[in-house]
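Trainee: Attaching a predicted model along with its sequence, questions to come.
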Amino acid sequence: MLRNMSIRKRLMVILTMVYIVTMIGAVTAGYYVLSRDSLREAREKTQLFATVMSANQKYMARYIRPEIMDLLPDTYFPEANVGIVMMGETAKMIEADYPDYIFKVASPNPLNKANRSDAFENSIIAGFDNGDYETWEGSVTKAGRHYYASAVPVVARKSCIWCHDAPETANPEMVEEYGKDSGYGYEVGDLVGGRFIYVPMADADKMTMKKLAGFGGGISLLFLVAMLIIDRIIIGTVVKPIEDLVEVAEDISRGKMDREFNVKGNDEIKLLADAFSRMKVSLAKAMDILRK
Ligand code: HEC
C-alpha cells in the first residue's frame, strides 16, 4: 500500500501511525499513573478518617466512659459511653461539611435501621466471616457514585452484651428508641457487622480525565506541528528538487540540450543531479559522434 504512494503521503501515513501508537501508549500509561495516584490519595484520606474516628473512640474509652460509669452508674447515656453511638454522631457532623464522605457501622442485624448493611456491605461482612480477609479496601460504586471504601469487622465483646443481648435485659430507654425487632442476640466473639468508610472518587476521576485530555491535546499539538514542519522540509528538499530534475530531464530528452540540472545543497539529490549532468555530457558527445 505504502509503495504506491508519493513520498510525502507515505511519510504522512507513517507519522500518523506513529502518532496513533504514541497516543494510545501515552494515554494508557498516563491513565494508569494518574489513577494510581488518586487511589493512593483516597487511601490516605480513608486512613486519616479512620484514625481520627478511632482516636475519638479511644479518648472516650480512656477519659470519659470510666468517669461516667462512676458518676452515673444507672444512667442510659450512650453518647458518652458507646463508641459506635459517639462515632455515628461525630460522622453526622463531619458529613455536614463533607457530604460525600460516608462513615457507617453497618450490620445485617441493626438496632438503628439506618445502619442496616446493604448488598455490598453484606458481601464484605460475609468475606470477614469466611476468613477471606481481615480488613478490606478497594473501589466501589454505590448509587452511581464511585468511592474508595475501607472496612474492618466489628466483633462483639463482653462489654457489648448488656445492650445487645435481648430487649428484656437491655436498657428500657434504648429499647423504646430502637424497638425490639433487631440489634439483639449478640454473643461474645460474634461478627456483628463492619465499620465502613467511603471516600468519594468523583472529583479525582474528573481530574484524571481533565489531565488526560490536556496531555492528549499536548501530544496531538506537538505531532501536528512536527508533521507540518516535516511536510515543509520534505516538499522543499525532496519533492521540489525531484520535480525540477524530472522537468529538466524531460526537456533534455526532447532535445533541449541547453537545460542544466541545478540542485542546491549537498545531498543525495545533488549526487543524482551531478550524475545526470555527466550523462548529459556523454549523451551530447555520443550524438556528436553519431552526427559525424
Ligand atoms: C449502652 C448500650 C450499648 C453498648 C454497651 C453497645 N452498643 Fe452497640 N449500639 C447501641 C446503640 C444505641 C446503637 C445504635 C446507634 C445508632 O443510632 O446509630 C448501637 C449500634 C451498634 C452497631 C451498628 C448497627 C446497629 O445496631 O445499629 C453495631 C455493629 C454495634 N452497636 C455493635 C456493638 C458492639 C460490638 C459493642 C461492644 C463493643 C456495642 N455495640 C456496645 C448500644 C450499645
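Mentor: Great, that's in hand.

Trainee: first vs last residue of stretch 178-191, how far apart are they?
Mentor: With CA to CA, to the nearest Å as the measure, the first residue of stretch 178-191 is 21 Å from its last.

Trainee: brain fart, stretch 167-185
Mentor: One end of stretch 167-185 sits 9 Å from the other (CA to CA).

Trainee: hmm, who's touching it?
Mentor: 76, 78, 107, 109-113, 162-166 (CB atoms under 8 Å, 6 or more residues apart in numbering). Quick note: C-beta positions are derived from backbone N, CA and C, even for glycine.

Trainee: and with 7 Å instead?
Mentor: Contacts to stretch 167-185, defined as CB atoms under 7 Å, 6 or more residues apart in numbering, come from residues 76, 109, 110, 111, 112, 162, 163, 164, 165, 166.

Trainee: In strands, which of those appear?
Mentor: Filtering these for membership in strands, criterion DSSP state E, returns an empty set.

Trainee: out of those, who has the most neighbours?
Mentor: Neighbours here mean other CB atoms under 10 Å. Within the contacts of stretch 167-185, the largest count is held by residue 111, at 22 neighbours.

Trainee: can you pull the contacts of that residue?
Mentor: Applying CB under 7 Å, 6+ apart, the residues contacting residue 111 are 178, 183.

Trainee: try it again with 10 Å
Mentor: Contacts here follow CB atoms under 10 Å, 6 or more residues apart in numbering; on that basis residue 111 touches 84-85, 163-164, 167, 170, 174-175, 177-179, 181-184.

Trainee: Residue 227 versus that one, what's the distance?
Mentor: For residue 111, the distance to residue 227 equals 68 Å [CB to CB, to the nearest Å].

Trainee: Likewise for residue 164?
Mentor: Computed as CB to CB, the residue 164 to residue 227 distance reads 71 Å.

Trainee: Could you do residue 3 as well?
Mentor: Taken as CB to CB, the spacing of residue 3 relative to residue 227 amounts to 21 Å.

Trainee: Neighbour count for those two, which is higher?
Mentor: When neighbours are counted by other CB under 10 Å, residue 227 comes out ahead of the other of residue 3 and residue 227, with 16 against 5.

Trainee: Let me know whether the more buried one touches residue 19 as I believe.
Mentor: Yes - applying CB atoms under 10 Å as the test, residue 227 and residue 19 come out as touching, 7.9 Å apart.

Trainee: Quick one, grab the pLDDT at the residue most central in space within the chain.
Mentor: Here the mean C-alpha position of the chain is nearest to the C-alpha of residue 35 (CA atoms, centre = their mean), at a distance of 2.4 Å. Residue 35 carries a pLDDT value of 93.

Trainee: Mind telling me what element it is part of?
Mentor: With elements taken from DSSP states H and E, the one containing residue 35 is helix 7-59.

Trainee: Quick one: distance of that helix to the chain centre.
Mentor: Distance of helix 7-59 from the chain centroid (CA atoms, centre = their mean, to the nearest Å) equals 4 Å.

Trainee: what about residue 141, is that helix, strand or coil?
Mentor: Judged by DSSP: H, G, I helix; E, B strand; the rest coil, the three-state class of residue 141 is strand.

Trainee: partner residues bridging it?
Mentor: For residue 141, the beta-bridge assignment (DSSP bridges) gives partners residue 146.

Trainee: List the contacts of it.
Mentor: The neighbours of residue 141, taking CB under 10 Å, 6+ apart as the test, are 120, 147, 201.

Trainee: What parts of the stretch 101-250 of the chain come near the ligand?
Mentor: Near the ligand, the residues belonging to the stretch 101-250 of the chain are 105, 107, 110-112, 115, 154, 156-157, 159-160, 162-164, 174, 183, 192-193 when assessed by CB under 6 Å from any ligand atom.

Trainee: run the last query once more with 8 Å
Mentor: When proximity is defined as CB under 8 Å from any ligand atom, the stretch 101-250 of the chain approaches the ligand at 105-107, 109-116, 154-157, 159-164, 170-171, 174, 177-178, 182-183, 186, 192-194.

Trainee: now, which of those lie within helices?
Mentor: 161, 162, 163, 164, 174, 177, 178 (DSSP state H).

Trainee: So of these, which two are at opposite extremes in space?
Mentor: Farthest apart among these by CB to CB are 161 and 177. That separation is 18.7 Å.

Trainee: Any idea which helix or strand in the protein has the lowest mean pLDDT?
Mentor: Counting by mean pLDDT, DSSP states H and E, the weakest-scoring helix or strand in the chain turns out to be helix 78-81, with a mean of 86.
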